[in-house]
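K.L.:
Got a predicted structure plus its sequence, pasted below:
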Amino acid sequence: QVQLVESGGGLVQAGGSLRLSCAASGGTFTDYAMAWFRQAPGLEREFVAVISWSGGSTYYADFVKGRFTISRDNVKKMVYLQMNSLSPEDSAVYYCAADTTSPTTIELYEQAAFWGQGTQVTVSS
């Protein structure tokens with residue numbers, strides 16, 4: 001069973017950038033597709049991006065395409081979310097997630113088996 005710990009959140013001005021990191025431990029890292037979700041206050045959790053076990057396939061929510069990039073380092077057991085051109089609408093708690101299912105299943109159903117505790121991202125206008 002994999003454990004996930006996010007870091008890298010914080011306060012940034014609109015137009016700025018942040019890179020979120022997710023450290024995985026336990027389990028076999030390459031068994032898992034890895035994803036990022038986010039949840040803003042009063043709103044439902046939403047899918048942001050997912051990457052396959054090899055890193056060869058990535059999928060993004062429409063609202064982040066061209067601005068966010070998901071990547072992974074299977075040696076370090078890390079997943080990253082590079083976020084550029086941030087806007088106040090991107091403010092949310094960002095969660096790292098893992099599942100042995102396919103990336104497209106995670107994207108379609110917006111579900112995953114394992115979750116981190118989240119990291120807060122706040123974008124000021």
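P.N.:
The structure has been received and is ready for your questions. Note that the structure is a prediction, hence the values are computed from the model and not measured. Residues are numbered from 1 along each chain as shown.
K.L.:
need the contact list for Ala33.
P.N.:
Val50, Ile51, Ser52, Trp53, Ala98, Asp99, Thr100, Thr101, Ser102, Pro103, Ile106 (CB atoms under 8 Å, 6 or more residues apart in numbering). For glycine as for every other residue, the C-beta is placed from the backbone atoms N, C-alpha and C.
K.L.:
between those, which is nearest Ser125?
P.N.:
Ser125 has its nearest neighbour among the contacts of Ala33 in Val50, at 28.9 Å by CB to CB.
K.L.:
Following the helix or strand hosting that closest one in sequence, what is the next regular element?
P.N.:
If you go by DSSP states H and E, Val50 is part of strand 46-51. Heading C-terminal from strand 46-51, the first helix or strand you meet, by DSSP H and E, is strand 58-60.
K.L.:
after that next one, next one along is what?
P.N.:
Using DSSP H and E, the helix or strand that follows strand 58-60 towards the C-terminus is strand 68-73.
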